Structure formats: C-alpha cells, structure tokens
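1. whatever this is, show me its structure:
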Amino acid sequence: MSRTNTFLNGSYRGTYTEVGGVEQGWTSAISVHNDKLDGQHKKMIDMASVLISAVHDGKAHEVVDDLMAFLRGYCQEHFADEEAYMLAKGYPHAQEHRCVHLQFLTDIEKLKLTYDTQGMTDDVLKDLKRRVSGWIINHIAGADQDYARFVAAKHLT
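-> The predicted structure is shown next:
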C-alpha cells in the first residue's frame, strides 16, 4: 500500500508533508480549527488536486485559466478572512503572515502575466505546480499551523 493510501485510510501517523502534501487531499492534521478558514483551505487543496490530475493526464492546458482565476479570488477572499481572524485573536505575528500572503499574491500575478504573454509553457506549468503545492505544504500545513497553535494555547477558539 502506498504512503498516500495509508494516509487516506487513517493508518499513517506522519506529518502532512511526509506523505506528499497535496496528493492525499484534505486532512484534519492541517486544520486551523476554524470552519470558514478550513473550508477555504479545502478549496485550495481541491484545486491543486485538479491541477495535479490534469498534469498527469496531459490536460493541464484545460484547467490553467480556471486555476489562475481561482487563485486570484482565493487570495483576495481567504487572505482577508485569515488576516482578520489572526488580528481578532491577537496573534503576534499577524503582520509577518500578511507579508507572506502579499508575496504569494505578487508571485501569482507575475506568473499570470507570464502565462498571458507566453502561453502554457513547461516552465509556466512547473512554476504553477511548484507554487501551489509549495503553498499548501509550506503555508497551510506550516505557517498557518503557527497561528492555530497560538489560538489553541490561549483557548481563544
């Protein structure tokens, strides 16, 4: 049985990144214990799964426009919601977290511009996949867990 299947059926007890990140989909291991924010994170992971499947099937060009549009909307809505939540809970690193959000949004906008001018190249596809997967693994399953632990430790949920 693969590590991903082991993870999905609940018998694997490693961290999210140890089993390949996005490929196994949503798991409570990366919950921030806020239904709204978790729901938004799930949407991001679902969209990443669509991208991975499309790349695997040789159909990435069919989903890139939708993914780019999703990312722009997701960034605006989710980042505003998450930043408001962190501020409301008194998270001391909210401003630093916001800067990371702004950098991701800037990176996505640059990638969109490259895609619009060059079309679907291997480099654009690799960069998109790397950024989306990296965001889930390093940010949702990483940095976001810092504020979730802060909120839990302060009993602010």
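
2. when you work out contacts or count neighbours from here on, use the C-alpha atoms and nothing else.
-> OK.

3. pLDDT below threshold where in this structure?
-> Residues of the chain that meet the criterion pLDDT under 70 lie in 1-24, 157.

4. just the strands in it please.
-> For the chain, applying DSSP state E gives no strands.

5. would you point out which residue is most central in it?
-> By CA atoms, centre = their mean, the chain has its centre lying nearest to Ile136, at 3.2 Å.

6. how close does that residue get to His61?
-> Distance of Ile136 to His61, given as CA to CA, to the nearest Å: 22 Å.

7. related to what we said a few turns ago, pretty sure the residue nearest to the centre of the chain contacts Asp46?
-> No: using CA atoms under 8 Å, Ile136 is not in contact with Asp46, being 10.8 Å away.

8. please tell me how far Gly25 sits from Lys126.
-> In terms of CA to CA, Gly25 sits 20 Å off from Lys126.

9. cool, and Thr27?
-> Counting by CA to CA, the gap from Thr27 to Lys126 is 25 Å.

10. okay, these two: which has more neighbours?
-> Ranked by neighbour count (other CA atoms under 10 Å), Thr27 and Lys126 place Thr27 first, with 14 against 11.
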